[in-house]
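Q: Make a model of this:
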Amino acid sequence: MQSGPARLPKLMLFLLIALPSALALRTPELAARQRRELSTVPASYPLQVVVNGNGTIISTPPGIHCGNDCSELLPAGASVTLTAAPDDDSLFSGWSGACSGSNQTCELTLDTSQVVTAAFAIRTFEVTVEVAGEGMVTSDPPGIACGSDCRHTYPMGALVILTAQPAAGAGFVAWGGACQGAAPVCSFLMNETRAVLATFGLTKALYLPLLP
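A: This next block holds a predicted model:
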């Protein structure tokens, strides 16, 4: 059996090898490096929504309600469903950015910062005019000049005024369809498709008796 003094060199050799390695693991530089590595993995990502037109985007889980609240900081890896809700006067046109297509829902995963744009378009309806007889119908706002241009599309809620203009030697008789009556001006709001008939007739000639 070796005596205490004989074992001393081996113990010193072990300490000379192991102690610097142990101390190196605790250096400030290593701790700082570990903190930097941890800080490169974000805990959350921002989701931003942009709305073009008349409508609202709502998220599940809650957080986005755009209109009003259009950005949210969400946990990294979170799954989000966005739903497009058009206003009464509009239709949903489609997504761009992190979402695509024209389906009213979009599902995405927050693995990076995301920006989504939702587009809405004003709902439109068509006016169709038919003319019977000699005359034409014009519109305000412009679009109808029938004779030649007898169809036009107007945004929902627009006030359209039609005016019947008889040709020379003719007179306006009456409206049919979406317009009624014998007054030459007709107006209506565009909340549905409209079909109008304008009827013109020849005016009666005035004959004076010949004097002898």
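Q: Okay, helices next: where are they in this structure?
A: 4-24, 28-39 (DSSP state H).
Q: For those, which has the smallest mean pLDDT value?
A: When those are compared on average pLDDT, helix 4-24 comes out lowest at a mean of 51.
Q: Now for Gly101: which residues touch it?
A: Each residue near Gly101 by Cβ atoms under 8 Å, 6 or more residues apart in numbering is listed here: 94-95. Backbone N, C-alpha and C define where each C-beta goes, glycine included.
Q: The one 5 residues further on too?
A: Listed by Cβ under 8 Å, 6+ apart, the contact partners of Cys106 are 81-82, 95, 99-100, 116.
Q: go on, Val49?
A: By Cβ under 8 Å, 6+ apart, the contact set of Val49 is 57, 59, 64, 66, 70-71, 82, 115-118.
Q: try 7 Å this time
A: Contact partners of Val49, counting by Cβ atoms under 7 Å, 6 or more residues apart in numbering, are 57, 64, 66, 70, 82, 116, 118.
Q: now swap in Thr83 and tell me
A: Residues near Thr83 by Cβ under 7 Å, 6+ apart: 58, 104-105.
Q: Report the beta-bridge partners for it.
A: Taking DSSP bridges, one finds Ile58, Thr105 as the beta-bridge partners of Thr83.
Q: Could you pull up phi and psi at Ala182?
A: Main-chain dihedrals, Ala182, degrees, to the nearest 10: phi -110, psi 0.
Q: Around it, count how many other residues there are.
A: Neighbours of Ala182 under the rule other Cβ atoms under 10 Å: 11.
Q: For it, which non-adjacent residue is closest in space?
A: The shortest distance from Ala182 to any non-neighbouring residue, by Cβ to Cβ, 6 or more residues apart in numbering, is to Ala174 (4.9 Å).
Q: Give me the distance between the one you found and Gln180.
A: Distance of Ala174 to Gln180, computed by Cβ to Cβ, to the nearest Å: 8 Å.
Q: Between these two, which is the more surrounded one?
A: Using other Cβ under 10 Å, the more surrounded residue of Ala174 and Gln180 is Ala174, with 16 against 11.
Q: which ones are touching that one?
A: 181-182, 199.
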